[in-house]
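**Student:** Got a predicted model here, sequence first, then my questions.
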Amino acid sequence: MAKLLYRLGRWSFLNKWKVIIAWIILLAAAGITAVSLAKPMTSEFSIKGTPAIDATARTMELFPEGGNPANSASVNLVFQAPEGQKLSDPHNRAAIDAVIASLEENLAMGDTLRFGNPLDVSPALEQQIIDQFTGMGLPEQSARLDAENLAMVNDDETIAYTTFNFDADSPYTVQQADKDKVTAAMDLGRSMGINVEAGGAGFGDEIAINSTSEAIGLGVAFLVLIFTFGSLVASGMPLISAVVGVGLGSLGVLAATHWVELNNITPVLAVMIGLAVGIDYALFILSRFRSERSRMSGAEAAGMAVGTAGSSVVFAGATVFIALFALLIANIGFLTAMGLSAAGTVAVSVLVALTLIPALLGLFGDKAFKGAIPGVAGNPTRKGKRRRGKTMGSRWVRVVQKVPGLVMAFVVLTLGAMTVPVLNMELSLPADTTSNPDTTQRKAADLLSEGFGPGVNGPFLVVVDAHQVNTESQALEPLMAAQSEGSLEDQAAFASFMYSADRLKDIGGVKHAQIVGLSSDGRAAQIMVSPDTAPTDNATIATAHALRTATAELEDVTGADIGMTGLTAVQVDITERLESAMVPYLAIVVGLAIVLLLIVFRSLLVPLVAGLGFLLSVGAAFGLTVLVWQEGLWGLVPAPGPLISFMPIFLIGVTFGLAMDYQVFLVTRMREHISRHPQGTGGKYSPVDEATIMGFSQGARVVTAAAIIMISVFVAFINQPLPFIQIFGFALAAGVLFDAFFVRMSLVPATMFLMGRATWWMPKWLDKLLPALDIEGTALEKEWEQSHAPRTEQFAPVPDRAKHARD
């Protein structure tokens, strides 16, 4: 592979204009294609085949007039009286009337059964419920409890709400103009002295992307590259490469929406990851070119850089690609789309770095490292002095060599301790209750919780299909006997509804359960189950499990087919599916990567340390994320709460891929040295220690720069307005920080010093079994040295213009 990449890099250098124009044409074509084919994205997180999704489909069949109960464009409009007042006070009632009238005049609505001034609508609906169910044989006391549970005004008349649906198929098709009409009505009520907030699935904020994140990330990356290369021109090349790669990847994602429905955070994650790896990969190739240019012509240095560092880039990129592609294992639609989109962007970034960087080097020639900044990156100062002595990386690895056991213990204990908070990690999907406190959605959810209990924000919906009810069920006999009308099947069906509601009321964590709807033929019912706790509370998840157990028992007793749906039930199913997918995903990805590292480094212990080190770094990243974003450490975030459900599995995939990047770039230098000097060079260090020190010293500066760039890109995304994107940026930055500086640059060399010769040991039978893969480019370099040995010195670091023209 190294020889093939050498030829690719050399050809790209010599055919610079062909390569540059080709990428420009591809970028333009991708842009035109995306504009022509792109369709709107969705903010939906759904999974096929879960119990709640199946129950949702059954509900839509039995109650077609109600639409999708887990995907309705509903709005909760919440009113609060000023301090010391009641909503029933004349001026406050008039303010509510004004809000309702504004909506009726300006907004086309769908379901309006519970819409209107709640001071008028709530008593009327409560009485209707009492009359309806007492007429069907339900005891009056039970009917009154059902009515009170559906009250839209709290007891002291300080908080009330009304609900309606937008005239839209789903929350994701609601027009912003319609949301603006709701906001205008809310402002009208506020101007008249009452507090008005709105929430619900239909009134969610559109995904707002802050374009400054990319700008901040690129700006910090440029500064780091300046300190790495000491040249303004060279510092710009990785940025150009990364922008081209991310541009193509993002446009490809947009074009894909023509055939596949994608979540609207998919391109954000693709940009975040593609930008980080794109800059890093170009940095590694450019750095190797700079070191090779002192002994080779421009074209050969470009070929050698792509053949050596480029081989590592291909392997590292393949590792990231595999980690992202393997999200298919989870069998979760939106997560698979995110993984494939990000993986595609990474693949494009690798191709761009391998070809565009040598082409740009061919374009700029020896001016590529011009614009030198005095005193930076080894450049002489204005007085002509150069920095002498060992580099920081060289000094650090020698410190580790002196006390490897202490360094190893510090890293393991520190990262291990930081992993402990993971035991308390809570997961959920985005909801009004987890929005930022300053949003109207969060304020509406908090007011509803205050006035009617936290369970009002996420009730469960149990669907009882009694078409096959057991008319001879002994449990239903008393309830059937209390009915005087209808056929035996009708009586048994209604008895199964009442029996189910009564039994569900007795489950721990349930505030109330009541029949809220009957099908047109009277053979199916909807039972609303209100939990005591909020949708994202762990107790609600326990309640969901208890309800599932209870519905299975009710099926056995009544013969009815019973399922549970609702937004909260769907979210619980998605969260648990994601949690269950993490262990097999982690096992497959880590196992595959260890096999690849075995092939590359021909060692048993190096891959093992790489894998265990990754577990430490990702565990610490999880732990810190839980402390800051869930537990609210030091008040750093305004709304601590459960982490988004798909963050852990996605973080595992991305962090693992990036971790292997640094493992490859550092250890290949070490492997390269010990392959050339298996007995050492005769210094004071053993061959393994010498190779570790020399390889680390050569690669530490570039890996440090790459890690800082990647961290800065991820941190910049904390500037995004949506909490789950902020959490992704924070968690990825923490993962790279721990892995690059604690594991790869501390734990890995420390274990090598401790293991000595065992570091590079592998059984002979396994060595013969595994295919040979020279990603260090050792054979390529030996071949070049043998063919150019007599005339190596003719290439100076800064050749004259005649030589440059020949290159």
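**Tutor:** Done, it's in.

**Student:** Could you list the low-confidence segments of the stretch 701-807 of the chain?
**Tutor:** Flagging of the stretch 701-807 of the chain using pLDDT under 70 yields the residue ranges 774-778, 788-807.

**Student:** what helix or strand does K511 sit in?
**Tutor:** Assessed by DSSP states H and E, K511 sits inside strand 510-518.

**Student:** which is the next helix or strand following that strand?
**Tutor:** Reading on from strand 510-518 to the C-terminus, the next helix or strand found by DSSP H and E is strand 524-531.

**Student:** Would you pull up how far the next helix-or-strand element following that following strand lies from the middle of the chain?
**Tutor:** With elements assigned by DSSP H and E, the helix or strand that comes after strand 524-531 is helix 538-558. For helix 538-558, the distance from its own C-alpha centre to the chain's C-alpha centre is 31 Å (CA atoms, centre = their mean, to the nearest Å).

**Student:** Buried by neighbour count: which residues of helix 538-558 qualify?
**Tutor:** By 16 or more other CB atoms under 10 Å, the buried positions in helix 538-558 come out as 540-541, 543-544, 547-548, 550-551, 554-555, 557-558. No exception for glycine: its C-beta is placed from N, CA and C like everyone else's.

**Student:** What angle do strand 510-518 and that helix make with each other?
**Tutor:** Angle of helix 538-558 versus strand 510-518, following axes from the mean of the first three to the mean of the last three CA atoms, to 10 degrees, is 50 degrees.

**Student:** elements contacting helix 538-558?
**Tutor:** strand 460-465, helix 488-505, strand 524-531, strand 561-565, helix 567-601 (3 or more CB pairs under 8 Å, 6 or more residues apart in numbering; DSSP states H and E).

**Student:** how about the ones you listed, which one is nearest D54?
**Tutor:** strand 561-565 (6.5 Å; CB to CB).

**Student:** Could you list every helix and strand in contact with the closest one?
**Tutor:** On a contact count with 3+ CB pairs under 8 Å, 6+ apart, strand 561-565 meets helix 51-62, strand 460-465, helix 538-558.

**Student:** one more time with 10 Å
**Tutor:** Applying 3 or more CB pairs under 10 Å, 6 or more residues apart in numbering; DSSP states H and E, we find strand 561-565 packed against helix 51-62, strand 460-465, helix 488-505, strand 524-531, helix 538-558, helix 567-601.

**Student:** Which one of those lies nearest to Y172?
**Tutor:** Among those, the nearest to Y172 by CB to CB is helix 567-601 (13.8 Å).

**Student:** how much space between the residue in the chain sticking out farthest from the centre and G619?
**Tutor:** No residue in the chain sits farther from the centre than S484, which is 57.5 Å out by CA atoms, centre = their mean. S484 sits 65 Å away from G619, going by CB to CB, to the nearest Å.

**Student:** How about V590?
**Tutor:** Note on V590: its distance to G619, by CB to CB, is 13 Å.

**Student:** ok, F222 - contacts?
**Tutor:** By CB atoms under 10 Å, 6 or more residues apart in numbering, F222 lies in contact with 232, 235-236, 238-239, 279, 709.

**Student:** Give me the buried subset of the residues you listed.
**Tutor:** By neighbour count, with 16+ other CB under 10 Å, the contacts of F222 hold 235-236, 238-239, 279, 709 as buried.

**Student:** Grab the two from those residues that are most spread out in space.
**Tutor:** G236 and I709 (13.5 Å).

**Student:** which residues are in contact with both of those two?
**Tutor:** Common neighbours of G236 and I709, using CB under 10 Å, 6+ apart, are 222, 225.

**Student:** any idea which of the contacts of F222 is the one closest to D366?
**Tutor:** Proximity of the contacts of F222 to D366 was ranked by CB to CB; the top entry is L232 with 14.7 Å.

**Student:** From what I see, that closest one and F364 are in contact.
**Tutor:** No. Assessed by CB atoms under 10 Å, L232 is found out of contact with F364, at 11.4 Å.

**Student:** so what sits against both of these two?
**Tutor:** Applying CB under 10 Å, 6+ apart, one finds that L232 and F364 are jointly contacted by K370.

**Student:** middle-most residue in the chain, spatially?
**Tutor:** Most central in the chain (CA atoms, centre = their mean) works out to M647, at 4.6 Å.

**Student:** Can you check my assumption that T625 lies in a helix?
**Tutor:** Yes. Secondary structure assignment (DSSP: H, G, I helix; E, B strand; the rest coil) places T625 inside a helix.

**Student:** can you tell me how far it sits from L732?
**Tutor:** 10 Å.

**Student:** who touches both of those two?
**Tutor:** Counting by CB under 10 Å, 6+ apart, the common neighbours of T625 and L732 are 647, 651.

**Student:** residues near the residue nearest to G67 when sequence neighbours are not counted, how many?
**Tutor:** With sequence-adjacent residues excluded and distances taken as CB to CB, 6 or more residues apart in numbering, G67 is closest to M60, at 7.1 Å. Other residues within reach of M60 by the criterion other CB atoms under 10 Å amount to 18.

**Student:** can you check M136 too?
**Tutor:** So M136, with other CB under 10 Å, has 17 neighbours.

**Student:** show me the contacts for it.
**Tutor:** Listed by CB under 10 Å, 6+ apart, the contact partners of M136 are 143, 483, 485-486, 494, 497-498, 515, 518, 522.

**Student:** Check which residues of stretch 411-430 are buried.
**Tutor:** Of the residues in stretch 411-430, 411-412, 415, 418-419, 421-422, 425-430 count as buried by neighbour count, 16+ other CB under 10 Å.

**Student:** same question, stretch 677-691
**Tutor:** By neighbour count with 16+ other CB under 10 Å, stretch 677-691 contains the buried residues 680, 685, 687-691.

**Student:** Just give me the least confident of the residues you listed.
**Tutor:** pLDDT across the buried residues of stretch 677-691 is lowest for G680, at 80.

**Student:** part of a strand, is it?
**Tutor:** No. Read with three-state DSSP, G680 is coil and lies in no strand.

**Student:** The closest residue to it other than its chain neighbours and W761, how far apart?
**Tutor:** Excluding the flanking residues, the one nearest G680 by CB to CB, 6+ apart is P687, at 3.8 Å. P687 sits 13 Å away from W761 when distances are taken as CB to CB.

**Student:** now swap in A270 and tell me
**Tutor:** 40 Å.

**Student:** Of all the helices and strands packed on helix 538-558, which one is nearest R10?
**Tutor:** Among these, the nearest to R10 by CB to CB is helix 567-601 (23.7 Å).

**Student:** Name the residues of that closest one that are buried.
**Tutor:** The neighbour-count check on helix 567-601 (16+ other CB under 10 Å) flags 567-578, 581, 585-586, 589-590, 593-594, 596-598, 600-601 as buried.
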